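Enquirer: Kindly generate the corresponding structure for this input.
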Amino acid sequence: MKSMFLIRRWFAPSVCALYSWAALSVPSVLRAQSTTTATTATPIQHVVVIFNENVSFDHYFATYPNAANNSSSEPAFHAANNTPSINGLSPALLTSNPNQHNPIRLTRAQAVTCDQDHNYQDEQKAFNGGLMDSFVQFTGSSSASCDIMGYGNNVVMGYYDGNTVTALWNYAQAYAMSDNSFSTNFGPSTVGAVNLISGNTSGATLTAGSASGNVGSGGAVIGDPRPDPSLDDCTLAPPRAYIKMSGKNVGDLLNAKNLTWGWFQGGFRPSSRMANGTAVCASAHNNVSGASAGSDYIPHHEPFEYYPQTSNPHHLPPSATAMIGQTDQANHQYDTSDFFNALAAGILPAVSYLKAPAYQDGHPGYSDPLDEQTFTVGAINAIMKSPFWSTTAIFIAYDDSDGWYDHVIGPILSQSATSDDNLTGPGTCGSASNTDAAASRCGYGPRQPLLVVSPYAKANYVDHTVTDQASILRFIEDNWNLGRIGNGSRDAIAGTLNGMFNFTNGGAAPGLILDPSTGLVTSGSTSGGGGSTSSVTKAVANPKNAQTTVLNMTLDGSGSSSYNGQPLTYLWTVASSSQAVQLNNATSATPTVTFLGGPGTYTFLLTVTDSSGGTSTDTATVTFL
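Expert: Predicted coordinates:
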């Protein structure tokens, strides 16, 4: 059966122009997966959100783009000369900080730390009405079992640089980052996760346990209550607080448009089942220090499991790999292994959320930045090496700050006056008489890292637009014309992320393949080296020795790199020994081919030319059966 190309169009109001391009050719058994994709407002056909744990902006980017580079045991980082400045820690804040202790540079050898206090009220107290000077007293936390550095509660002032969080700094060099993005509200993981998918922590119904520290007096989530057992077999055992969430989330909007999507979380696949079929999620790993990180699956990190309409209570697998992203018994809730299996099979849902297994999610106390880097880089490398890279936007975001020090307070757009609040005094977050107050939803909360990795991301760019976790939700809503959540969702007021992209004449940012262990560049190049291990122009043509029965196919040269990180020009040709073939868009990174000569082996030559005229060649070989 012949494979037909699906032509997709998008409209950019700013330039009033219409664009079109061919979708990736996929095996016929999977073709329905692509045809469900609706018209998009941008060239982005796939959004992947890598949602990591518990980091403030200053904790990872306090001194960006300047790394200490004072130890040969750590990966070196050297920024490009034209790297823009960020709102990081000034010399005065580094040496004469108003907190009880100055900021502390943590080394790569100090990756495993204690978990800090990130409760809804304590985070507000640490902010001290915007003075940002009470972190040691209110969110600093330590114990003999994890205080390997001897800093005690002062460790809350700790930060890493490009010698430890090397991959994130390299992504910031090659793509776009924000230095003005915040948690939608104060509070821990559940608060951030629910805001990511609905922009609204209201609508929580306590089904067991105490509301104190879990559900505020306004009915909004402020802590980490677990999903009700009826919604998740693998929720933690009682006694504890359980909740159900009402209202819509982004899954409802995507389903209404018949779009493919999924939440993929490590450990979601049951390790076993009880006799009655109840799922048991007991897979576990050790972190980089060799200590146990506990179970891979953490139920309160899975926000869709709080909503009856989007939960997969018994952790049922997809009915087939080809159904990943579509509606079946899995109800769009999957294990991370399902994401990589789907990608290998030529499937990438329109919207994917990735949550690492516990030991790799970056949460202090049981995970760390090095294990987090391994997962994040592994996922991004896989996407960059897939045919989907050219139309994908990857967001790297965080659920909360963990209570780590940051010197910036964001605008308080959601004011509240409950006994749980303490930003501007006991019982207050802003003006108690504010008619727009949303009880127990004080925010914006702490500042957090936010990066966009995409061919359409502005390169080496820092965005200063005020955004929050609901801004990712808004981007998805706007890109697929989903409409808004409504009912008080913060998607309605969330700042736009479009400033981090170049949709007018972008799409040329090359893939940047990093070493998951070191975070150093192995293929592609940041504009300043950024610890790159490659400084030559290199053509990379794919696939290699592939076999197909599909008449039409997409070649991929997007993994090619230039010595200076500048855009390449591409030229694909057909080897003279090959049979007849139609080659379309031969001067793009991803041309399409139609095999006209029947079964046989076809060889394609890719020549890339860099900005200095240097060239490199590589071949792709396909056997048409």
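Enquirer: going forward, measure contacts and count neighbours with C-alpha atoms only.
Expert: Will do.
Enquirer: Quick one: the strands in the stretch 451-600 of the chain, in order.
Expert: 461-463, 467-468, 513-514, 521-523, 546-548, 552-554, 569-574, 581-584, 592-595, 600-609 (DSSP state E, counting those that start in this stretch).
Enquirer: Generate JSON lines for those strands, with mean neighbour count and mean pLDDT as supplementary columns.
Expert: Below are those laid out as JSON lines (neighbours: other C-alpha atoms under 10 Å; pLDDT from 0 to 100):
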{"stretch": "strand 461-463", "mean neighbour count": "23", "mean pLDDT": "97"}
{"stretch": "strand 467-468", "mean neighbour count": "30", "mean pLDDT": "98"}
{"stretch": "strand 513-514", "mean neighbour count": "24", "mean pLDDT": "94"}
{"stretch": "strand 521-523", "mean neighbour count": "22", "mean pLDDT": "84"}
{"stretch": "strand 546-548", "mean neighbour count": "14", "mean pLDDT": "85"}
{"stretch": "strand 552-554", "mean neighbour count": "21", "mean pLDDT": "89"}
{"stretch": "strand 569-574", "mean neighbour count": "20", "mean pLDDT": "90"}
{"stretch": "strand 581-584", "mean neighbour count": "15", "mean pLDDT": "90"}
{"stretch": "strand 592-595", "mean neighbour count": "20", "mean pLDDT": "90"}
{"stretch": "strand 600-609", "mean neighbour count": "20", "mean pLDDT": "87"}
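Enquirer: mind checking pLDDT for the closest residue to Gly129 other than its chain neighbours?
Expert: Spatial nearest neighbour of Gly129, chain neighbours left out: Thr424 (4.6 Å); criterion: C-alpha to C-alpha, 6 or more residues apart in numbering. pLDDT recorded at Thr424 is 95.
Enquirer: for Thr424, what are its contacts?
Expert: 128-129, 430 (C-alpha atoms under 8 Å, 6 or more residues apart in numbering).
Enquirer: Lowest-confidence one in the residues you listed?
Expert: Gly430 (90).
Enquirer: Test my guess that it contacts Asp421.
Expert: No. Counting by C-alpha atoms under 8 Å, Gly430 stays clear of Asp421, with 9.4 Å between them.
Enquirer: and those two? which has more neighbours close in?
Expert: Asp421 (27 against 22; other C-alpha atoms under 10 Å).
Enquirer: all helices for the chain, in order.
Expert: 31-35, 57-61, 91-95, 120-127, 135-138, 166-174, 189-198, 250-256, 336-344, 369-384, 469-479 (DSSP state H).
Enquirer: how about the fifth one as PDB, C-alpha atoms only?
Expert: Extracted as PDB, the C-alpha positions of helix 135-138 are listed here (Å, rounded to 0.1, in the frame of the first residue of the first chain):
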ATOM      1  CA  PHE A 135      15.700  31.100  53.600                       C
ATOM      2  CA  VAL A 136      18.000  29.600  56.200                       C
ATOM      3  CA  GLN A 137      15.400  30.000  59.000                       C
ATOM      4  CA  PHE A 138      12.300  28.800  57.100                       C
END
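Enquirer: and it, what does it pack onto?
Expert: On a contact count with 3 or more C-alpha pairs under 8 Å, 6 or more residues apart in numbering; DSSP states H and E, helix 135-138 meets helix 120-127.
Enquirer: got the angle for the helix it packs on vs helix 189-198?
Expert: 100 degrees (axes from the mean of the first three to the mean of the last three C-alpha atoms, to 10 degrees).
Enquirer: What lies in contact with helix 120-127?
Expert: Around helix 120-127, the neighbours that count as contacts under C-alpha under 8 Å, 6+ apart are 117, 132-139, 186-188, 213, 222-223, 403, 409, 420-423.
Enquirer: residues touching the closest residue in space to Val377 that isn't next to it in sequence, list them.
Expert: The spatially closest residue to Val377, leaving aside those adjacent along the chain, is Pro516, at 5.2 Å (C-alpha to C-alpha, 6+ apart). Pro516 makes contact with 167, 373-378, according to C-alpha under 8 Å, 6+ apart.
Enquirer: JSON lines for those residues, including neighbour count and distance to Leu354?
Expert: Converted to JSON lines, those look like this (neighbours: other C-alpha atoms under 10 Å; distance: C-alpha to C-alpha, whole Å):
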{"residue": "Ala167", "neighbour count": "28", "distance to Leu354": "17"}
{"residue": "Gln373", "neighbour count": "24", "distance to Leu354": "14"}
{"residue": "Thr374", "neighbour count": "20", "distance to Leu354": "14"}
{"residue": "Phe375", "neighbour count": "23", "distance to Leu354": "10"}
{"residue": "Thr376", "neighbour count": "24", "distance to Leu354": "9"}
{"residue": "Val377", "neighbour count": "22", "distance to Leu354": "12"}
{"residue": "Gly378", "neighbour count": "16", "distance to Leu354": "12"}
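Enquirer: any idea which of those residues is the one closest to Arg273?
Expert: Phe375 (27.0 Å; C-alpha to C-alpha).
Enquirer: So for that closest one, what's the pLDDT?
Expert: 97.
Enquirer: Quick check: closest non-adjacent residue to it.
Expert: Nearest one to Phe375, counting by C-alpha to C-alpha, 6+ apart, is Gln360 at 6.1 Å.
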